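Chemist: Could you work out the structure for the sequence below:
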Amino acid sequence: MSNLPCEKKPSFRYPIGFWNYPSVQVTPVSQVESWKRAGITCNQTPFFSYGSHDPAAMVAMLDEMHRAGMRAFVCVSDLDFHRFLQEAFRPVFARAYADFGRHPATYGFFIGDEPLNGQEFSACVRAYQIMREIAPELTPLLNFNPYWEGMENDLLGGEALIDRFVRESGCPLICYDCYSQMNPGDEGINMYFRNLNRYVGAAERNGVMVWNTLLSCGHFRYRVPDEDDIRWQLST
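Modeler: Residues are numbered from 1 along each chain as shown. Model prediction:
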């Protein structure tokens, strides 16, 4: 994690978490203890939906994460940018903030994963603006795609992608995933460091934090990382 300035400094020494896909309904709070043993310090909550789940279940999860010394990005399915409608987003976030945003474990809310075109980027910017307006003390989380050559032209007509997003959204944290380092040969390693340089450079230019998502299990075409692979990824 960068030591660059942001409005709200983390209360943990080093942010380690994981993608947390199940719902709060099927995730017992007892699992938090296993996360703690694994060294997790800042993590997504299980997913919650107002149409399907009891807010008390999310509060119980946040209580347990707080007792374990973790900070949380609250995952509310109704706030994912893929579902974004400007008119509906604000009242849903205002409700989520009232229910969960003031909890001492809450570090921010999750916006979504890997926007891929101008319309999706615009939705993410607007979601960020509303979250920052209602809850300026929190840090929303959006995860970007790995960088590929020509990404700016493919997605936003040539303009620096992350710089534009930070400028328009006011975000204090950028996050991205890249797993090419778990492919054989040098090409994947080169792409990994190209990503690291691009995103860290954008963070430094804009004075924000940058986090990256590393590979901890076999996925798609990427190999299962061994202990040395995990250590190497963390060391970068």
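
Chemist: so what's the residue most central in space within the chain closest to, chain neighbours aside?
Modeler: Relative to the mean C-alpha position of the chain, the nearest C-alpha, by Cα atoms, centre = their mean, is the one of Leu141, at 3.9 Å. In space, not counting the residues next to it along the chain, Leu141 is nearest to Phe73; the distance is 4.6 Å by Cβ to Cβ, 6 or more residues apart in numbering. No exception for glycine: its C-beta is placed from N, CA and C like everyone else's.

Chemist: Run through this structure and note the low-pLDDT ranges.
Modeler: Per-residue confidence for the chain (pLDDT under 70) gives these ranges: 1-12, 152, 155-159.

Chemist: how about the strands in the chain?
Modeler: Using DSSP state E, the strands of the chain run over residues 42-48, 71-76, 106-113, 141-144, 173-177, 209-213.

Chemist: Highest mean neighbour count out of these?
Modeler: Using mean count of other Cβ atoms under 10 Å, the stretch among the strands of the chain with the largest mean neighbour count is strand 71-76, at a mean of 24.

Chemist: returning to what we had before: show me the one of the strands of the chain that comes nearest Glu33.
Modeler: For these, distance to Glu33 was read as Cβ to Cβ. The smallest value, 12.9 Å, belongs to strand 42-48.

Chemist: Packing partners of the closest one?
Modeler: Here strand 42-48 is seen to pack against helix 55-67, strand 71-76 when contacts are counted using 3 or more Cβ pairs under 8 Å, 6 or more residues apart in numbering; DSSP states H and E.

Chemist: Now do the last one: which elements does it pack against?
Modeler: For strand 71-76, the packing partners by 3+ Cβ pairs under 8 Å, 6+ apart come out as strand 42-48, helix 55-67, helix 86-96, strand 106-113.
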